[in-house]
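*Asks:* Dropping a prediction and its sequence here:
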Amino acid sequence: MSGYYCTTPIYYINGLPHIGHVFTTVLTDVIARFHRMLGDDVFFLTGTDEHGQKAEKAARELGIPPREMADRIAAPFQELWRRLNIANNDFIRTTESRHVEGVQEMFRRAQANGDIYLGDYEGWYCTFDEAFLTEGQLDDGKCPDCHRPVDRIKENSYFFRLSRYQEPLLEHYRQNPDAIVPRSRYNEVISFLESGLRDLSVSRLKLTWGISVPGDPTHVIYVWFDALVNYVTGIGFPGKPELFSRYWPANVHVIGKDILRFHTVYWPAFLLSAGLAVPKKFLVHGWWLKEEEKISKSRGNVVEPNQLIEKFGVDGVRYFLIREAPIESDSNYSFETILKRVNSDLANDLGNLVSRSLTMVQRYSEGIVPEPATDDPPPFRGSLENIVVSLPVSIEEFAFPRLLTAVWQCVNSINRYIVDQQPWNLAKDASQKKKLDTVLYNNCEALRCIAMLVAPVMPDSADRIWKQLGIPRAASAALIEDLQWGGLQPGTRIGDVEPVFPRIEEKEPEAPLQIAEAPKKENVTSHVSIDDFQKIGLKVGEIKSAEKIQGSKKLLKLSVDLGTEVRTVVAGIAEVYSLEELIGRQVIVVTNLKPTRLMGVESNGMVLAASVSGKPVLSAVISPVPNGTPVK
Ligand code: MSP
């Protein structure tokens, strides 16, 4: 078993996760899961990037300490990854002591190697990108990448001798042209390196929120030096050498195109300076766009992942993101595209195939997988076997949209096979029993393989398909050997047949899905004046505790922190939300409703929620705000 180490970037804590972050993480999860299927000993790391000026600024704007800001944002990231079935081995936060020690050790090693010197930095700084910029790099006086205003900095700073690494890096990449995927990004890095490297400022003087320079606490280590080191501290550098040597160097760092240089130039240089091996590969993906603009919190066009999951399910979202986004280009998000993918590929093609095939086993074979006649290979078997044979290459090339396209071609040919063979007619003629059994077996066996092939993308659905096929194991834990045709045992009693991919309704006007978009149709029966509206007290409150109310299926008793007081509020959300997921969540509360008793508990307010076919979806604020903030 060989070690396979893959990582996501660690996410900034200035805002809640959006669909762009979900993509990077799901993509890495799919890679990790495919490698587990290949039998590799996988370590998958993700986490949060909690230091730096950007985090400090965001916390200041909210009037809370940066550490509290980090806690408030790291939690929903972790919660979302759990919900999305992300199978990471660890989650690193850069404020943890294991990380702080590792960063200082890396800094010390660079110092010991003669790569750090004290000097004066004079130039520009973009807080949004946490990037030092020279006059020449500015675009019309603004940051060339994010086009935001930049700050002038003139301060004493520690520098890293990046210039020393220009030649070693060029040589490394020339010898390993596959180290950066896709090739267009590789070419970009090569020309950047060829244009020359300047030494890099790696400390900040007037910043407190960060890791101090060893031996000089007046300086804080530059946040990118700090953040990049997570890739080694997350696997035990320097305290756990055994774990570290099992997984380092990383097999792949998955990153977005916006953070290419930090990763492919700075990071290997820091590693070389510390005497460590450089990562084997960088997988650089494009952006998710909405109406041609990058999806980002600052542009206010984010697609909120939890709402998308409510509508399309975890696997619907995972499938859509992986199927629609080729690595080398940007992809466009739209409600219509995800709806179409989920309804046509999942509900119609695969979902119908599963229920159709299994219902026939129930009807024509008493719920038992029949014995096939060996001399009659189905027409799709060849293409299925081709997919399996080329699976390691598809994984190596991260060609997941291509792989899924090939799987769906198979799904379609199985559907055609059923139509051609007409099992319902074969069942009418006892002399055709052998043929009927073969058709039923072939269908079920193909489904078993297909479920396995899609398991890394849709682990839960794949497991459900196997369960319905009567297989007592989890498809998501199976190994590539299990993809051999014929693995399904004749005589297996199939499980209960239930829809795996329900069809999604086209419209749900009560719940606008994309928070930046206005609802298309307003549900207003009569108008109220602004004065009337202002009579309603609305505040942001944080749920501190939640408990069930005896005798009620729907009601929960919540303690909600409204900044100046903690109130008891009863809410009808027990059927949809678990107690744990509510704690720490900020919601919008109506604060001046007349108190009322519900199931014996006095409720002092009301939590606002959207009502989707009678089911509540809690209100929220996009970024954390101090408890008690009024909502107008
Ligand atoms: N904290 C740094 C990374 C440090 S890694 C040592 C950072 N954080 S981030 O939260 O801004 O971005 C994390 C990842 O999300 C990046 O790979 C970025 O490309 C990705 N995405 C953010 N918005 C995105 C889209 N709209 N589309 C696709 N991915 C995008 O950068």
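*Replies:* Happy to help now that I have it. Everything quoted here is computed from the prediction, not taken from an experiment.
*Asks:* how about the one residue in the stretch 101-250 of the chain that gets nearest to the ligand, secondary structure?
*Replies:* Closest to the ligand within the stretch 101-250 of the chain is Ala227: 3.9 Å, counting by CB to the nearest ligand atom. Every residue, glycine included, has its C-beta placed from N, CA and C. Following DSSP: H, G, I helix; E, B strand; the rest coil, the label given to Ala227 is helix.
*Asks:* if you skip the residues just before and after it, what's nearest to it?
*Replies:* Asp49 (4.5 Å; CB to CB, 6 or more residues apart in numbering).
*Asks:* Might you enumerate the residues of the stretch 1-150 of the chain proximal to the ligand?
*Replies:* Listed as neighbours of the ligand in the stretch 1-150 of the chain under the rule CB under 6 Å from any ligand atom: 9-12, 20-21, 23-24, 49.
*Asks:* Most neighbours of all those, which one?
*Replies:* For those, counting by other CB atoms under 10 Å, the largest number of neighbours falls to Phe23: 27 neighbours.
*Asks:* Please give the element, helix or strand, for that one.
*Replies:* Here Phe23 sits within helix 19-37, counting by DSSP states H and E.
*Asks:* Now do that helix: which elements does it pack against?
*Replies:* On a contact count with 3 or more CB pairs under 8 Å, 6 or more residues apart in numbering; DSSP states H and E, helix 19-37 meets strand 3-7, strand 41-49, helix 66-83, strand 252-256, strand 282-285, strand 288-290, helix 305-324, helix 391-396.
*Asks:* how about a markdown table for the ones you listed, with mean pLDDT added?
*Replies:* Shown next, in a markdown table, are these (pLDDT from 0 to 100):
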| stretch | mean pLDDT |
| --- | --- |
| strand 3-7 | 97 |
| strand 41-49 | 98 |
| helix 66-83 | 96 |
| strand 252-256 | 98 |
| strand 282-285 | 98 |
| strand 288-290 | 91 |
| helix 305-324 | 96 |
| helix 391-396 | 98 |
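*Asks:* Could you dump those into CSV and include distance to Ser331?
*Replies:* Shown next, in CSV, are these (distance: least, CB to CB, whole Å):
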stretch, distance to Ser331
strand 3-7, 21
strand 41-49, 21
helix 66-83, 20
strand 252-256, 12
strand 282-285, 9
strand 288-290, 6
helix 305-324, 5
helix 391-396, 19
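*Asks:* returning to that earlier point: what count of nearby residues applies to the residue of the stretch 101-250 of the chain closest to the ligand?
*Replies:* 26.
*Asks:* In contact with it, which residues?
*Replies:* 10, 49, 51-52, 94 (CB atoms under 8 Å, 6 or more residues apart in numbering).
*Asks:* ditto for Thr233
*Replies:* 92, 98-99, 101-103.
*Asks:* That one and Asp29, how far apart?
*Replies:* With the distance defined as CB to CB, to the nearest Å, Thr233 ends up 21 Å from Asp29.
*Asks:* Ok, Pro502 next?
*Replies:* Pro502 is 23 Å from Asp29, by CB to CB.
*Asks:* Around the closest residue in space to Val566 that isn't next to it in sequence, how many other residues sit close by?
*Replies:* Nearest non-adjacent residue to Val566, counting by CB to CB, 6+ apart: Ser559, 5.3 Å away. By other CB under 10 Å, the residues close to Ser559 number 16.
*Asks:* And the pLDDT for Ser559?
*Replies:* Looking at Ser559, its pLDDT is 92.
*Asks:* which outside residues touch the helix or strand where it lies?
*Replies:* Per DSSP H and E, Ser559 falls inside strand 556-561. With contact meaning CB under 8 Å, 6+ apart, strand 556-561 is reached by 541-549, 566-574, 577, 579, 582, 587, 589, 601, 605, 607, 627-628.
*Asks:* before we move on, what about stretch 173-189?
*Replies:* Applying CB under 8 Å, 6+ apart, the set of residues contacting stretch 173-189 is 172, 190, 193, 257, 260-261, 264-265, 279-284, 327-328, 397-398.
*Asks:* Stretch 358-377 now?
*Replies:* 423-424, 427, 434-438, 440-445, 468-470, 488-494, 497.
*Asks:* First-to-last residue distance for that stretch?
*Replies:* 20 Å (CA to CA, to the nearest Å).
*Asks:* and what of stretch 172-185?
*Replies:* For stretch 172-185, the end-to-end distance is 15 Å (CA to CA).
*Asks:* could you measure the residue of the chain positioned farthest from its centre against Asp437, distance?
*Replies:* Farthest-out residue of the chain from its mean C-alpha position, per CA atoms, centre = their mean: Ser431, at 53.0 Å. As judged by CB to CB, Ser431 and Asp437 stand 13 Å apart.
*Asks:* Close to the ligand: what parts of the protein are there?
*Replies:* Within the chain, the residues that sit near the ligand (CB under 6 Å from any ligand atom) are 9-12, 20-21, 23-24, 49, 227-228, 230, 255-256, 258-259, 287-288, 294-296.
*Asks:* is the closest residue to the ligand within the stretch 151-300 of the chain in a bridge, and if so with what?
*Replies:* Using CB to the nearest ligand atom, the closest approach of the stretch 151-300 of the chain to the ligand is made by Gly256 at 1.7 Å. Beta-bridge pairing of Gly256 under DSSP bridges involves His285.
*Asks:* can you list the domains in this structure?
*Replies:* Here the domain parsing of the chain from automatic domain parsing is 3-285, 330-483, 522-618.
*Asks:* can you give me the end-to-end distance of the second one?
*Replies:* Going back to what we said before, that points to domain 330-483. 33 Å.
*Asks:* Use 827 as the first number from now on
*Replies:* Sure, I'll start counting at 827 from here, so that last one is domain 1156-1309.
*Asks:* Please compute how far it lies from its chain's middle.
*Replies:* 26 Å (CA atoms, centre = their mean, to the nearest Å).
*Asks:* can you give me the helices for the stretch 977-1126 of the chain?
*Replies:* 992-1001, 1009-1020, 1049-1054, 1056-1059, 1067-1073, 1086-1087, 1093-1099 (DSSP state H, counting those that start in this stretch).
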